[in-house]
Structures are given as structure tokens and as C-alpha cells.
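Asks: here's a sequence, model it:
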Amino acid sequence: MNTHRIKVLLAKPGLDGHDQGAKIVARAMMDAGFEVIYTGLRQTPEAVARMSLEEDVDVIALSSMAGSHLPFCRKLKPLLEADGLTDKLWLIGGNLPAQDHQALRDLGFKGIFPTGSKLDAITEYIRSTVRSA
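Replies: Next up, the predicted model:
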């Protein structure tokens, strides 16, 4: 029986100072049995990539409410690729206008969870996607 706990890095990108939602999502992930590393506010793409590599996570998740998600993700993608983290599940949630979803998918973010997404939907998506990998 596989006893591997899914390990998630949850980061707040850039100058985004809104973290209440991220903390709620982190709690839901912990309640679902995941190991969660919450980075706190104002992370750089370099810091997210470094922590993801050092912590050997299964999931790299961003919570963005400030509208800077596309520039941040465009800087993060090559860093994750350079560190060999393309096999990890990349997620993003928060204030994500529908017109940005395809650009985020094209950057490699498979899970996109706009404001109002159900916590169970997020945790079940992670569980089913990581287990099937």
C-alpha cells in the first residue's frame, strides 16, 4: 500500500498582500491529508522555484488575488523547467479572469481555480491528478 502523503507548496506571488483565502485553502488541504508548505506573502518566482525543488513537492500551487498572475507565471515557468519540475502538478487559484485561463494552461498550469471554487473540488482534483501520475 502506498503511504506517500501528497506534498503541496502553496505560494503567494509578488506583491499580493491578500492571504486569507490561501490560508483557508491550505487548511482544507491539510484536512484532506496533504502535507502543506505555505510560503507566506510576497514570494518571487525564484523563491517559489527554489522552495519547490528543495522541498521535493508533488504540487506547486499559487494563490493570486492582485492581478499579476500572468507576468508571474511567465517568469516562473522557465525556472521550474530549469529545475526539472515539469512533472509536478502546477495549480493556480484566486482572482483569475476567464480570459486568462487558456494562457495559464499554455504555461503549464493544469489546475485553475478561480475565486469561489469549492475546497472539495480543489483537494479532489489534486488527489486524483497526483495519484494518476
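Asks: strands along the chain, start to end?
Replies: Counting by DSSP state E, the chain has strands at residues 7-11, 35-38, 59-64, 89-94, 111-114.
Asks: and the gap between the most centrally placed residue in the chain and Gln102?
Replies: The residue lying closest to the centre of the chain (Cα atoms, centre = their mean) is Ala61, at 0.7 Å. To Gln102, Ala61 is 19 Å away according to Cβ to Cβ, to the nearest Å. Just so you know, the C-beta spots here come from the backbone N, C-alpha and C atoms, and that holds for glycine as well.
Asks: just Lys110 next, same as before
Replies: With Cβ to Cβ as the criterion, Lys110 and Gln102 are 13 Å apart.
Asks: how about Asp83?
Replies: From Asp83 to Gln102 the distance is 25 Å (Cβ to Cβ).
Asks: more neighbours: which of the two?
Replies: Asp83 (14 against 10; other Cβ atoms under 10 Å).
Asks: pLDDT wise, what is the residue nearest to the more buried one when sequence neighbours are not counted at?
Replies: Sequence neighbours aside, Leu53 is the residue nearest to Asp83 in space, at 4.6 Å (criterion: Cβ to Cβ, 6 or more residues apart in numbering). In this model, Leu53 is scored at 98, pLDDT.
Asks: mind listing the helices for this protein?
Replies: Secondary structure of the chain (DSSP state H): helices located at 20-31, 45-55, 69-82, 101-106, 119-132.
Asks: helices or strands up against the second one?
Replies: By that I understand helix 45-55. If you count contacts as 3 or more Cβ pairs under 8 Å, 6 or more residues apart in numbering; DSSP states H and E, helix 45-55 packs onto strand 7-11, strand 59-64, helix 69-82.
Asks: could you list the low-pLDDT ranges of the protein?
Replies: 1-2, 133 (pLDDT under 70).
Asks: find the nearest non-adjacent residue to Thr123, please.
Replies: Ala32 (4.0 Å).
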